[in-house]
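# My questions are about this predicted structure, shown below with the sequence.
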Amino acid sequence: MRPGMKIIQSLWTRPLTLDMQRGKVSGGWPSWDHYWASWVLSAWQAHLTHGTVDLVTDRVGAQILVEELQLPFRHVSLALDDIPSTVHAALWAYGKVVAYEEHAKRGDASGGGGFMHIDSDVYLWKPLPERVTSAAIAAQHYEWAPQYPPFHDIYTRPRTTMRALMRHHPGAWTPHAEDNHAINMGIFGGNDLDTIAEYCRQVRTFVEHPDNAPGWKLIADSGVPGVGVRNVGWSNMLVEQQTAYCVARQRGVPMTMLFEKDDMDQIDSVGNDLGYTHVMGYKKKPATDEFIQRFERRVRETYPDAWSRIEAGFPLTGTRRSEAPARPQPSIARQGLNVLRHAGHAATSVAKTTLGIDRATDEQVEARLNVCRSCPGGHAVWRDDDVQTCGPMLASMREAGEGTCGCVLRKKARDLAEDCPFGWWSEASVPDAVSTE
């Protein structure tokens with residue numbers, strides 16, 4: 001993978017709440033258990049094939065993915081809490097666009113590399129190929145008419161309606177929407193951050209501009225129950241996928257697809273060769289289907305702890321475990337700042353020890369971890385028969401973890417400049433540190 005390329009995932013939970021209220025399961029899965037199991041498999045496969053994975057979400061999403069399911073995200077942003085309440089929850093793709101924008105701006109400001117966003121129903125069995133991770137703009141595959149039969153229902157008709165109702169629409173639609181092309185964004189990203197930022201700017205103006213509010217209201221306020229929500233829902237592919245194609249065309253930026261046009265008739269076999277699975281709608285059949293049963297069995301056997309937590313229930317699964325009375329929490333803004341502060345500190349620590357600065361020996365790491373394994377306060381969170389974090393990760397990062405830090409213990413133990421928040425490592429480290437200072 002290209003140096004500096006970040007792998008990111010995102011979850012905006014307001015659309016999930018809307019689906020639950022409507023008696024639906026997000027993503028077309030047979031059940032909410034399958035929806036969350038897909039998150040488990042997707043996040044872990046991204047981590048196993050690419051290392052560091054970042055998450056852009058809101059507070060509820062962070063609670064579920066980081067604290068409940070303990071997925072291996074290294075950096076957590078709560079930027080999706082800032083999506084205005086005026087944005088209709090059925091416009092689920094907007095959360096992805098905000099995540100793209102955050103990383104485009106962050107990478108541009110730091111002079112860093114690009115990013116690749118991975119949907120939660122995409123599983124990477126091999127690293128993405130270099131031609132994709134080094135591309136200016138990359139996505140899964142092209143969709144076009146007449147190759148894609150629903151194209152006009154999904155793209156052309158909603159766009160015609162939007163043009164009639166909205167005062168501000170993406171400038172890139174003219175004339176490039178007439179190409180009758182879009183891009184499937186099971187994966188999306190690239191290294192041309194200016195173009196991605198411009199795409200996000202055009203979408204943000206279209207969705208949030210006050211002059212467009214009456215048009216969005218007309219679309220959502222159908223007199224037939226449920227139809228308005230479906231009308232907004234039909235806008236997702238246009239807002240996300242065709243607009244991205246049009247902006248790249250507007251700026252003359254080449255687009256690289258994981259699957260070439262010639263691959264479309266044999267996408268499953270080509271995907272097997274690439275080590276890439278995208279469980280698109282037609283594969284999400286009833287729970288009795290053979291594919292779904294194999295998927296469920298894989299998650300159960302590979303990640304039994306996560307599957308047990310899914311079955312036990314948490315918010316947005318329809319069930320909830322009994323909980324202790326809530327303790328006072330920091331403000332929402334403070335919680336977000338705390339998470340970002342902890343994530344930044346952790347990233348600095350890992351980078352430093354990778355360079356050999358304040359790097360503990362294997363013996364020192366094990367000595368520290370042995371203290372955690374018999375933690376006097378019982379704070380260590382265990383996974384796969386060993387200690388994983390110092391207290392629940394997200395609660396600790398929000399400074400609501402009764403003094404715990406939420407750190408991944410094996411990584412923290414490697415940094416001799418770090419210490420147990422309770423001082424219990426002080427006798428564990430022998431003084432033969434490896435340092436480049």
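Sure, I can see it. Residues are numbered from 1 along each chain as shown.
# how about the helices in the stretch 1-150 of the chain?
14-21, 32-50, 59-62, 93-110, 130-133 (DSSP state H, counting those that start in this stretch).
# Going by mean pLDDT, which of those comes out lowest?
Across the helices of the stretch 1-150 of the chain, helix 93-110 has the smallest mean pLDDT, namely a mean of 87.
# Go through that helix and list whatever outside residues touch any part of it.
6, 8, 10-12, 14-15, 54, 56, 77, 79-80, 82-83, 87, 112-115, 117, 185, 188-189, 193-194, 196-197, 199-201, 203-204, 207, 236-237, 239-241 (Cβ atoms under 8 Å, 6 or more residues apart in numbering). Every C-beta, even on glycine, is put in place using the N, C-alpha and C of the backbone.
# Please list only the buried members of those residues.
Taking 16 or more other Cβ atoms under 10 Å as the criterion, what is buried in the contacts of helix 93-110 is 6, 8, 10-12, 14-15, 54, 56, 77, 79-80, 83, 87, 113-115, 117, 185, 188-189, 193, 196-197, 199-200, 203, 207, 236-237, 239-241.
# list the contacts for Gln250?
171-172, 176.
# Check it and give its pLDDT.
Reported pLDDT for Gln250: 97.
# Which of the buried ones among the contacts of helix 93-110 fall in strands?
Judged by DSSP state E, the buried ones among the contacts of helix 93-110 include 6, 8, 10-11, 54, 56, 77, 115, 117, 185, 188-189 as members of strands.
# which of those residues sit farthest apart?
Ser77 and Met185 (19.3 Å; Cβ to Cβ).
# so where's the stretch 151-300 of the chain shaky on pLDDT?
For the stretch 151-300 of the chain, applying pLDDT under 70 flags the ranges 222-230, 282, 287.
# so where do the strands sit in the protein?
Along the chain, counting by DSSP E, strands occupy 6-11, 53-57, 75-77, 115-118, 122-124, 137-144, 181-190, 255-257, 276-278, 380-383, 386-390.
# Dump those strands to a markdown table, plus distance to Gly406.
Shown next, in a markdown table, are the strands of the chain (distance: least, Cβ to Cβ, whole Å):
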| stretch | distance to Gly406 |
| --- | --- |
| strand 6-11 | 19 |
| strand 53-57 | 14 |
| strand 75-77 | 10 |
| strand 115-118 | 24 |
| strand 122-124 | 26 |
| strand 137-144 | 33 |
| strand 181-190 | 28 |
| strand 255-257 | 38 |
| strand 276-278 | 32 |
| strand 380-383 | 9 |
| strand 386-390 | 6 |
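# Select from the contacts of Gln250 the one having the most neighbours.
Highest neighbour count within these: Ala172, with 21 neighbours (other Cβ atoms under 10 Å).
# who touches the residue nearest to Trp125 when sequence neighbours are not counted in this structure?
Of all residues not flanking Trp125 in the chain, Gly275 sits nearest, at 3.7 Å (Cβ to Cβ, 6 or more residues apart in numbering). Contacts for Gly275 were tallied using Cβ under 8 Å, 6+ apart; they are 49, 124-127.
# What is the most widely separated pair among these?
Longest span within the contacts of Gly275, Cβ to Cβ: Trp125 and Pro127, 9.4 Å.
# what touches both of those two?
49, 275.
# Have a look at these two and say which one is more surrounded.
Pro127 (16 against 13).
# That one is in contact with His50, isn't it?
Yes - using Cβ atoms under 8 Å, Pro127 is in contact with His50, at 6.1 Å.
# What distance do you get for Gln45 to Ser134?
Look at Gln45 and Ser134: by Cβ to Cβ, to the nearest Å, they are 21 Å apart.
# Looking at those two, which one has more neighbours?
Neighbours were counted for Gln45 and for Ser134 using other Cβ under 10 Å; Gln45 has more, 21 against 17.
# wait, what's in contact with that one?
123-125 are the contacts of Gln45 under Cβ under 8 Å, 6+ apart.
# Out of those residues, which comes closest to Trp216?
Using Cβ to Cβ, the contacts of Gln45 come closest to Trp216 at Tyr123, 34.2 Å.
# ok, that closest one touching Thr277?
Yes - counting by Cβ under 8 Å, Tyr123 touches Thr277, with 4.5 Å between them.
# So these two - more neighbours on which side?
It is Tyr123, of Tyr123 and Thr277, that has more neighbours when counted by other Cβ under 10 Å, with 23 against 20.
# dump the residue contacts of Asp263.
141, 270.
# Distance check, it against Leu274.
9 Å.
# From the contacts of Gln45, pick the one nearest Lys412.
Relative to Lys412, and with distances defined as Cβ to Cβ, the nearest of the contacts of Gln45 is Leu124, at 27.0 Å.
# Which residues are in contact with the closest one?
For Leu124, counting by Cβ under 8 Å, 6+ apart, the contacting residues are 45-46, 49-50, 118, 275-276.
# If it is in a bridge, with which residues?
Leu124 forms beta bridges with Tyr276, as assigned by DSSP bridges.
# any idea how far it is from Pro15?
Taken as Cβ to Cβ, the span from Leu124 to Pro15 is 24 Å.
# Kindly report the same for Ile267.
Distance from Ile267 to Pro15, by Cβ to Cβ: 27 Å.
# need the least confident one among the strands of the chain, by mean pLDDT.
strand 380-383 has the lowest average pLDDT among the strands of the chain, namely a mean of 82.
# which other helices and strands contact that one?
Judged by 3 or more Cβ pairs under 8 Å, 6 or more residues apart in numbering; DSSP states H and E, strand 380-383 is in contact with strand 386-390.
# So the residue nearest to Phe422 when sequence neighbours are not counted versus Cys420, what's the distance?
The shortest distance from Phe422 to any non-neighbouring residue, by Cβ to Cβ, 6+ apart, is to Gly377 (6.3 Å). Gly377 sits 10 Å away from Cys420, going by Cβ to Cβ.
# Which one of those two is surrounded by more residues?
Cys420 (23 against 14).
# and that one, backbone torsions?
Phi and psi for Cys420, reported as degrees, to the nearest 10, are phi -60, psi 140.
# For Val408, see how far away the nearest residue to it once chain neighbours are set aside is.
Of all residues not flanking Cys420 in the chain, Val371 sits nearest, at 7.0 Å (Cβ to Cβ, 6+ apart). According to Cβ to Cβ, Val371 and Val408 sit 16 Å apart.
# Comparing the two, which residue is more hemmed in?
Counted by other Cβ under 10 Å, Val371 and Val408 do not tie: Val371 has more neighbours, with 21 against 18.
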